[in-house]
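Chemist: return atomic coordinates for the entry below.
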Amino acid sequence: MRVIGVAGAGIGGLAFAALAARSGDRVVVFDQFETPRPVGSGLVIQPVGQAVLDAVGAGDTTRALGQPITRMIGHDAHSGRRVLDVVYDRRVDPPGGARFGLGIHRASLFDCLLSAARAAGAELRTGHCVTGRAGRMLRFAGGAQDGPFDLIVDAAGAASPLSPLTARTLGYGAIWGTVPWPDPTAGDGGLPGDALTQRYRAARNMVGALPIGRMPGDATPLAAIFWSLPAGAHDAWCNAPLEQWKTEATALWPAFAPFLGSIRRHDQMTMARYTHGTLRNPASGGMAHIGDAAHRASPQLGQGANMALLDAYALWSALARHSLDDALRAYVKGRRWHVAAYQALSAVFTPQYQSDSRVLPWLRDRVLMPVSKIPPVPRVLSRIVCGDLLPPYGSIGMR
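Modeler: Residues are numbered from 1 along each chain as shown. Below is the predicted model:
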């Protein structure tokens, strides 16, 4: 039996903990919060990510709370022209059979993964802020240490003190909030309840609404709403009257107005800043980095949580088949090309939707959108969004 220490009770850390504990390893998860809690608003779990949730034992519970997403659609605010339209292709089933995105609140997903990890026998130790490592030991704020561990898994996210990743800051981020899905949108002319819907003004402004299901114990349907901002513009947004932003957002997209009724304070919208970068070697010396501690990109392709789940599964699968050192090498090799491909795609697509460029939005609207409707491009786009354009695990494969 291996003893594994996991830094961070996020999506990747809890998924790995559940898988490894179920396989007979002793797994201890450390998190800085006194009470486990998620950070953020809504996200989309793609089909290959849902397959990991099934392996974890959390697939049915997350699908019961989330909202199936069958389409991603966006229009230019000035012309009304459709400039994004990706439909999930149901003709190709990935492992697990799901062929739709799953919109879900991070808190709902967190609750499902935490329950699965605890049911598998993983230990959770809260109030432990990881500050570094000393060999096979983890160090915490205040000077305490724990270990030794046969393996340390860094799932501490973008701010991980264990990760040497230096990422490039992107020019645009977004403010995010969670609101009830408004009743007026249920009637004629309302937004579809199974689609991520967006509006754009060139690439300078992007506003969107994503149905994300409900919270545990509450039947209220929810939406994640977002508005793009330059990375350094959040303070100015907070200092301006809230009604000024609401007026601008609804002028850009009148159908967005019902989503803003419950937003009465600036702090109901949280700023997310995005970075881009990848560790050259995400596993060595008895430690493996997963999720944002290993690679970061904008959420334009909806792959952030997905990639953390894939990393967790790949690492667990490699450990089940190899000795520790060989497993870490297999994990790195198995995930290398999938991560590289999606990092490259993110770098290409993001400036078309979030940048100050005038040329890229024109290219997106007048060239790429028409091409996207010519077969077999729609199926390729569906595979990109679903997360299986390339085999997610390389030579490791699914267990």
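Chemist: and the helix ranked longest in the chain, what does it pack against?
Modeler: Using DSSP state H to define each element, the chain has its longest helix at helix 324-353. With contacts taken as 3 or more C-beta pairs under 8 Å, 6 or more residues apart in numbering; DSSP states H and E, helix 324-353 sits against strand 275-278, strand 283-284, helix 304-321, helix 359-363. The way it works is simple: take the backbone N, C-alpha and C, and place the C-beta from them, glycine included.
Chemist: who touches whatever helix or strand Arg133 lives in?
Modeler: Assigned by DSSP states H and E, Arg133 belongs to strand 130-134. The contact list for strand 130-134 (C-beta atoms under 8 Å, 6 or more residues apart in numbering) reads 7-8, 30, 32, 138-141, 145, 152, 156, 161-162, 287.
Chemist: so which of those residues wins on neighbours?
Modeler: Ala7 (31 neighbours; other C-beta atoms under 10 Å).
Chemist: verify the stated contact: that residue with Phe140.
Modeler: No - using C-beta atoms under 8 Å, Ala7 is not in contact with Phe140, being 9.8 Å away.
Chemist: can you count the residues close to the nearest residue to Gly277 once chain neighbours are set aside?
Modeler: Nearest-residue entry for Gly277: Ala167, 3.2 Å, with adjacent residues in sequence omitted and distances by C-beta to C-beta, 6 or more residues apart in numbering. Ala167 has 17 neighbours, counted by other C-beta under 10 Å.
Chemist: and Ala167, how far from Lys333?
Modeler: Using C-beta to C-beta, to the nearest Å, Ala167 is found at 22 Å from Lys333.
Chemist: could you list the low-pLDDT ranges of the stretch 251-399 of the chain?
Modeler: Within the stretch 251-399 of the chain, the ranges that satisfy pLDDT under 70 run 399.
Chemist: so what's Val153 bridging to?
Modeler: Counting by DSSP bridges, Val153 is bridged to Val6, Ala288.
Chemist: which ones are touching it?
Modeler: 4-7, 13, 16, 287-288, 290, 315.
Chemist: can you give me the helices in this protein?
Modeler: 11-22, 47-56, 59-65, 106-120, 234-239, 242-252, 304-321, 324-353, 359-363, 369-372, 377-386.
Chemist: now do the third one, average pLDDT.
Modeler: Summarised as a single mean, pLDDT over helix 59-65 is 97.
Chemist: tell me what that helix is packed against?
Modeler: helix 47-56, strand 101-105, helix 106-120.
Chemist: next: the shortest one.
Modeler: For helix 369-372, the contact count by 3+ C-beta pairs under 8 Å, 6+ apart identifies strand 82-87, helix 377-386 as packing neighbours.
Chemist: may I see these organised as a markdown table, with distance to Gly57 added?
Modeler: Shown next, in a markdown table, are these (distance: least, C-beta to C-beta, whole Å):
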| stretch | distance to Gly57 |
| --- | --- |
| strand 82-87 | 30 |
| helix 377-386 | 22 |
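Chemist: output these in CSV; the columns should cover mean neighbour count and distance to Asp194.
Modeler: Converted to CSV, those look like this (neighbours: other C-beta atoms under 10 Å; distance: least, C-beta to C-beta, whole Å):
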stretch, mean neighbour count, distance to Asp194
strand 82-87, 18, 11
helix 377-386, 18, 14
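Chemist: of the ones you listed, which is nearest Ala21?
Modeler: Of all these, it is helix 377-386 that lies closest to Ala21, at 28.5 Å by C-beta to C-beta.
Chemist: what does the closest one rub up against?
Modeler: Against helix 377-386 from outside (C-beta under 8 Å, 6+ apart): 46-48, 72, 86-89, 91-92, 94, 99, 101, 301-302, 345, 371-372, 389.
Chemist: try stretch 328-340
Modeler: 278, 281-284, 288, 294-295, 307, 310-311, 314-315, 317-318, 321-322, 390-396.
Chemist: can you say which of those are buried?
Modeler: 278, 282-283, 288, 294-295, 307, 310-311, 314-315, 317-318, 392-394, 396 (16 or more other C-beta atoms under 10 Å).
Chemist: one step back: among the helices and strands packed on helix 59-65, which comes closest to Thr250?
Modeler: strand 101-105 (22.6 Å).
Chemist: which strands or helices does the closest one pack on?
Modeler: Secondary elements touching strand 101-105 (3+ C-beta pairs under 8 Å, 6+ apart): strand 42-45, helix 59-65, strand 67-69, strand 222-230.
Chemist: any low-confidence regions in the stretch 1-150 of the chain?
Modeler: 36-39, 90-98.
Chemist: recalculate using a threshold of 90.
Modeler: 1, 33-41, 78, 89-99 (pLDDT under 90).
Chemist: closest one to Val179 among the helices and strands packed on helix 369-372?
Modeler: Closest among the helices and strands packed on helix 369-372, using C-beta to C-beta: strand 82-87, at 22.3 Å.
Chemist: who's in contact with that closest one?
Modeler: For strand 82-87, using C-beta under 8 Å, 6+ apart, the contacting residues are 70-76, 198, 200, 364-365, 369, 372-373, 378, 381-382, 385.
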